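Student: show me how the following folds:
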Amino acid sequence: MAAKLALNQLIASLTHAFSLSLHLVQHVGVEVEAFMGLLRSSALYAPTFDKKLDRELAGDDANSNFPTAHLRKDLGLFLAAAQGAGLAVEGLDGLDDCALHALTAGRPAAAAPA
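Tutor: Numbers count the residues shown, from 1 in each chain. Model prediction:
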């Protein structure tokens, strides 16, 4: 169970971090392919970024692979387990807030809104 929660926390965190980075570089005028080229050649790259890229660019939150309600549930369980283990989890508070916002806004997105 801990491994499942840890993996789902990574999915949420990676997806959220990628979305934020992608939209920031777009906002300031960096070409997406230039950014992706740098990312792909770095140790930070995860294949999920390319899987999410087109949907992120299109703002397509429909038909997510992992419903937000399930993600938020697992994130809450992860936070409780990590806190119980004495780990610092404050950095994930914003991610939980984003998932709650997505749920209350009726968005089916797997992670933070684009």
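Student: point out where the protein drops to low pLDDT.
Tutor: By pLDDT under 70, the low-scoring segments of the chain are 63, 106-114.
Student: and the helices in it?
Tutor: Applying DSSP state H to the chain gives helices spanning 2-27, 32-40, 47-58, 68-84, 93-104.
Student: export those to a markdown table and tack on mean neighbour count?
Tutor: The way it works is simple: take the backbone N, C-alpha and C, and place the C-beta from them, glycine included. Shown next, in a markdown table, are the helices of the chain (neighbours: other C-beta atoms under 10 Å):
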| stretch | mean neighbour count |
| --- | --- |
| helix 2-27 | 16 |
| helix 32-40 | 13 |
| helix 47-58 | 14 |
| helix 68-84 | 17 |
| helix 93-104 | 16 |
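Student: wait, residue 96 sits on residue 72?
Tutor: Yes: contact criterion C-beta atoms under 8 Å: residue 96 and residue 72 qualify, at 6.8 Å.
Student: next up, the contacts around the closest residue to residue 22 other than its chain neighbours.
Tutor: Excluding the flanking residues, the one nearest residue 22 by C-beta to C-beta, 6 or more residues apart in numbering is residue 56, at 5.6 Å. Contact analysis of residue 56 by C-beta atoms under 8 Å, 6 or more residues apart in numbering lists 18, 19, 22, 23, 114.
Student: would a markdown table of those with distance to residue 8 be doable?
Tutor: Output for the contacts of residue 56, formatted as a markdown table (distance: C-beta to C-beta, whole Å):
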| residue | distance to residue 8 |
| --- | --- |
| 18 | 16 |
| 19 | 17 |
| 22 | 21 |
| 23 | 23 |
| 114 | 20 |
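Student: so residue 81 sits against residue 4, correct?
Tutor: No: if you go by C-beta under 8 Å, residue 81 and residue 4 don't touch, sitting 10.8 Å apart.
Student: what do these two both touch?
Tutor: Joint contacts of residue 81 and residue 4 (C-beta under 8 Å, 6+ apart) do not exist.
Student: quick check, nearest of the contacts of residue 56 to residue 62?
Tutor: residue 114 (12.2 Å; C-beta to C-beta).
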